[in-house]
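Engineer: One predicted model, sequence on top.
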Amino acid sequence: MATQARGEPFRPVRRERSFDVVVGQLEAAIADGHFEPGQRLPTERELAELLGVSRPTLREALRAMEVLGALEIRVGRGGGTFVAQPRGDTVGAALAALINIGGASASELREFRASFEGETAAWAARRATGETAAQLGAIAERYRVAAEDATTTWPELIPIDVEFHEAVAAASRNRVRVAVMHGLLRAVERVEMLIAATADQALHVRAAHDLDAIATAIADGDPDAARAAMTRHVEEFGQLYERAEAPHRH
């Protein structure tokens, strides 16, 4: 059994919503430092006894935390349940799963993106180096060239758009923003496909102009302009996604 800091972290849980309580106690035990990344948890039998729950309930909670990237379950010799090493892509994948499973609407995504991505662009303008600004400009140019090609489809532009927004987050030099952006964009790809059948070249070019304006403001080190350009871009396209989504929600 793993050595535990600060006393015993687990207590028997009540039967009502025991699954949620088990997850909550496991999360708290990790957050409070009772178990460090890479450390093995007590065995299933020991945990079930400590928490006062059945092994099936415990396994359900452990699997849920594994999906979220908080735990790693290893089988075979030397196996067991271990606290996962935190990784930005794991956090992003968990966030994307939560947004998609929760059925977040295009309106909810637009509302969150407008403030979050606007501020991310502002921080990128404050912190971007010449190299990262040049990278953003190159991605925006690649998007423009593709958008001006009449044979390019909207689904072909989405990966370039995602790359651009992730690069803006990276330019902010804030790992929390990078992780959230990664998960957010994985969810946004779902709503972007809503306009695939109706997006025309004029819309493609308009999006290209938006990305160029954002990249230029960041390269100029102008947080206010970067925030305004990103917010305007997210709001405009978010409204398109909302209108396209409406018939599917009724």
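Structural biologist: On my side now, so go ahead. Numbering: from 1, shown residues only.

Engineer: Can you pull out the low-pLDDT segments for the protein?
Structural biologist: Residue ranges of the chain with pLDDT under 70: 1-8, 10-17, 86-103, 248-250.

Engineer: Quick check: the most centrally placed residue in it vs Pro159, distance?
Structural biologist: The chain has Gly183 as the residue nearest its centroid, 1.6 Å off, counting by Cα atoms, centre = their mean. When distance is defined by Cβ to Cβ, to the nearest Å, Gly183 is 17 Å away from Pro159. Placement of C-beta: from N, CA and C, glycine included.

Engineer: a strand runs through the residue nearest to the centre of the chain, doesn't it?
Structural biologist: No: Gly183: not assigned to a strand; according to DSSP: H, G, I helix; E, B strand; the rest coil it is helix.

Engineer: Would you quantify the distance from it to Arg126?
Structural biologist: Applying Cβ to Cβ to Gly183 and Arg126 gives a distance of 23 Å.

Engineer: Arg74 contacts Phe82, correct?
Structural biologist: Yes: between Arg74 and Phe82 there is a contact under Cβ atoms under 8 Å: 6.5 Å.

Engineer: Looking at those two, which one has more neighbours?
Structural biologist: Phe82 (17 against 11; other Cβ atoms under 10 Å).

Engineer: Tell me the secondary structure at the residue of the chain positioned farthest from its centre.
Structural biologist: Most distant from the centre of the chain: Glu49, at 35.1 Å, with distances by Cα atoms, centre = their mean. Using three-state DSSP, the structure places Glu49 in helix.

Engineer: do Ile73 as well
Structural biologist: Per three-state DSSP, Ile73 ends up strand.

Engineer: looking at the sheet around it, what are its partners?
Structural biologist: Thr81 (DSSP bridges).

Engineer: and Thr129, how far is that from Ile30?
Structural biologist: Thr129 is 35 Å from Ile30, by Cβ to Cβ.

Engineer: Can you pick out the residue with more neighbours from those two?
Structural biologist: Ile30 (20 against 10).

Engineer: which residues do Arg74 and Phe82 both contact?
Structural biologist: Shared contacts of Arg74 and Phe82, defined by Cβ atoms under 8 Å, 6 or more residues apart in numbering, are absent.

Engineer: and the gap between Arg126 and Thr120?
Structural biologist: Distance from Arg126 to Thr120, by Cβ to Cβ: 11 Å.
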